[in-house]
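In: below: sequence and its predicted model.
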Amino acid sequence: MFRGVWRKLRALAAAPKALLAQCAAWALALALLRAEVLPSVDVMLAVQAGVAVVVAWGLRSEWWWWAIHAVFSPLAWWASRSAVSPGWYLVAFVLLALFYRGTVRTQVPLYLSNRAAMQALAERLPARPLRVLDLGCGTGTVLCALARLRPHDALVGVENSPALVWLCRWRTRALPGVQVRAGDFLAQDWRGFDVVYAFLSPAPMAAVWEKARQELPAGAWLVSNSFPVPDVAAQLSQPVGREGALQQVLYWYQPNGEAGTAAQKAE
């Protein structure tokens, strides 16, 4: 019975798991403080943060949630004890909402593709003009790089963060082959694109794969930086970075094409 409940808890979305980790950690830390097992509030905060990290790890939360749990309660306590004006907290909230509005729902943090990954992607793509869709285009790193390396391509980026949409449009304002769309990339129409590029997180990859299978034309490519599609073998795993780095591999998939290596198809 316990294992069944634990499996259900592990299947929760990121936000409920984070809330569960914090509540469980606070319940234990406060109980220990009231029982005078812990000598001070500072020690209690350290215990709470450590327990929250352990619970998050046990629930298989992504690694960045561990870091959030490690600092959340100590920072909240420090903020409550400081003389900072409440207006600054409102400013911080608005800025975070502008940049990370969709992160809790999509579970996709802001990752920036590096130069090596973009060079590898551009070199392996077919020489003919392509329509390329960048999922979660962020600050426009991919769009700017591909516009420079492959000026004949039609490039479309999709971004959910209002601030990043503005920044990306400003960065690509002088690039005639680039379009930036605001919204959820899973709500966009992918039909007609030759390549869909994704540097997201493990959380949405199954949904990305299903949408690619439904909408991409035959022969189109789905290229994922660092995060493979679960339970689907890539036609090519292209090394792009050193061991231990986040961006080590580009995974190439052809959702509606015959099996074969990306090199064979691209050439």
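Out: Looks like it came in fine.

In: can we go C-alpha only for contacts and neighbour counts from here?
Out: Will do.

In: in the stretch 51-200 of the chain, which spans are strands?
Out: Applying DSSP state E, counting those that start in this stretch to the stretch 51-200 of the chain gives strands spanning 131-135, 154-159, 178-182, 195-198.

In: out of these, which gets nearest to residue 225?
Out: Closest to residue 225 of the strands of the stretch 51-200 of the chain, according to C-alpha to C-alpha: strand 195-198, at 6.2 Å.

In: other SSEs contacting the closest one?
Out: strand 131-135, strand 221-225 (3 or more C-alpha pairs under 8 Å, 6 or more residues apart in numbering; DSSP states H and E).

In: out of the ones you listed, which is the most enclosed?
Out: Mean neighbours per residue, mean count of other C-alpha atoms under 10 Å, is largest over these for strand 221-225, with a mean of 24.

In: got the contact list for it?
Out: The set of residues external to strand 221-225 that reach it, using C-alpha atoms under 8 Å, 6 or more residues apart in numbering, is 117, 194-200, 212, 247-255.

In: and it, how far from the chain's centre?
Out: 14 Å (C-alpha atoms, centre = their mean, to the nearest Å).

In: other SSEs contacting the next helix or strand along the chain from that strand?
Out: Per DSSP states H and E, the first helix or strand lying C-terminal to strand 221-225 is strand 236-239. Judged by 3+ C-alpha pairs under 8 Å, 6+ apart, strand 236-239 is in contact with strand 249-253.

In: quickly run through the sheet partners of the strand it packs on, with directions.
Out: strand 221-225 (antiparallel), strand 236-239 (antiparallel) (DSSP bridges).

In: mean confidence score for the longest one?
Out: I take that to be strand 221-225. Strand 221-225 shows a mean pLDDT of 94.

In: dump it to CSV, restricted to CA.
Out: C-alpha atoms of strand 221-225 as CSV (Å, rounded to 0.1, in the frame of the first residue of the first chain):
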residue,chain,number,x,y,z
TRP,A,221,13.1,16.3,-37.9
LEU,A,222,12.7,16.8,-34.2
VAL,A,223,16.0,17.7,-32.6
SER,A,224,16.2,17.8,-28.8
ASN,A,225,19.2,19.3,-27.1
